[in-house]
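In: model this:
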Amino acid sequence: MKKLLFISLLLLGAGALQAQEKSQSLYFNIGSGFHNLKYNLQNGTQENSMGYTFNLGYNYFFSKNWGLGAGLGLESFQSKATLNYQTSKSSVDTDGESFEFRTQYTDWQEKQSILLLDIPLSFIYQKQMNEQFKFQFSIGPKVSFAVQSNYKIEGGTIETTGYYSQYNVVLYGMPQHNFTTLTSFPKNDTSLNPVVSAYSNLGGLYKLNNSMDLYAGVYIDYGLSNMIDAQNKFLYQEDGAYNGIFSSDLTNNVKQSAFGFKIGINFRLGAKEDVSIDEMH
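Out: Presented below is the predicted three-dimensional model:
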């Protein structure tokens, strides 16, 4: 009987210790940094700009140091391409005459804007450094879906002309034959594929009270899959259609990357009085 009681007490003690090791939390954070759209643009230059991220989620720690997380997030990306080049396409006019339809891009600027809905999963390591500060590192994959994706024209010209080699003449300034100069197109949406990326967070939690921590850290994202399907279309077509860079033959691969700083709040669920420093180590 004494032996059975001793074993029962050991099991209860082990269960209580295990319960103390487990914990849960909800988090909310916002951040900003360099959010880049990486693509191999032909016949032009590309520049990126700052972006933002907004995240909320749930972490479950199955031991004092190790846990898993899941959440939702929004992440913005912007990029601007500037084009200076000429295309040429063989064509036939309404009179049956063959000619070259030429398109000259001069300082043509197209800005792309994307907003992604992120679904991240993470593996988390944390370590209590002292009574107030806890180090935390997380890494994992995430799947993202475009909730907004568009382009708009910010400057430059497109001039279309017709070169008739049989007469050695170039026709221009004839809008009825689509030989004209264009300076803008309406803002339009683009279609993007769901994308997979890897991400990591490195930061710390500063204890504000028994159930709330202030979080600050850095983040990095790296796209692993292509956002677009390769297209074999001119950016501007003879029929007057403007496709946008992501739907043209100017690029066949677009991936996102981000690096920045974020701050937020961590809410400890079911928090009890903290253990002493000696018990943490």
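
In: Determine whether the claim that Gln176 is in a strand is correct.
Out: No. Counting by DSSP: H, G, I helix; E, B strand; the rest coil, Gln176 is not part of a strand but helix.

In: Which parts of the stretch 101-250 of the chain are strands?
Out: 133-164, 169-171, 181-182, 188-189, 195-209, 212-223 (DSSP state E, counting those that start in this stretch).

In: Met50: which of the ones you listed is closest?
Out: strand 212-223 (13.8 Å; Cβ to Cβ). The way it works is simple: take the backbone N, C-alpha and C, and place the C-beta from them, glycine included.

In: average pLDDT across the closest one?
Out: Taken as a whole, strand 212-223 carries a mean pLDDT of 97.

In: Which other helices and strands does it contact?
Out: strand 23-39, strand 133-164, strand 195-209, strand 254-269 (3 or more Cβ pairs under 8 Å, 6 or more residues apart in numbering; DSSP states H and E).

In: where are the low-confidence patches of this protein?
Out: 1-21, 271-281 (pLDDT under 70).

In: would you list the strands of the stretch 101-250 of the chain in CSV and tack on distance to Arg102 and mean neighbour count?
Out: Output for the strands of the stretch 101-250 of the chain, formatted as CSV (distance: least, Cβ to Cβ, whole Å; neighbours: other Cβ atoms under 10 Å):
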stretch, distance to Arg102, mean neighbour count
strand 133-164, 5, 17
strand 169-171, 8, 13
strand 181-182, 13, 16
strand 188-189, 24, 12
strand 195-209, 36, 17
strand 212-223, 36, 18
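
In: Among these, which comes closest to Phe234?
Out: strand 133-164 (10.9 Å).

In: what are the pairing partners of the closest one, and which direction each?
Out: strand 98-128 (antiparallel), strand 169-171 (antiparallel), strand 181-182 (antiparallel), strand 188-189 (antiparallel), strand 195-209 (antiparallel) (DSSP bridges).

In: Can you get me a residue count around Glu131?
Out: For Glu131, the count of nearby residues is 11 (other Cβ atoms under 10 Å).

In: was I right about it contacting Lys207?
Out: Yes. Between Glu131 and Lys207 there is a contact at 7.2 Å, judged by Cβ atoms under 8 Å.
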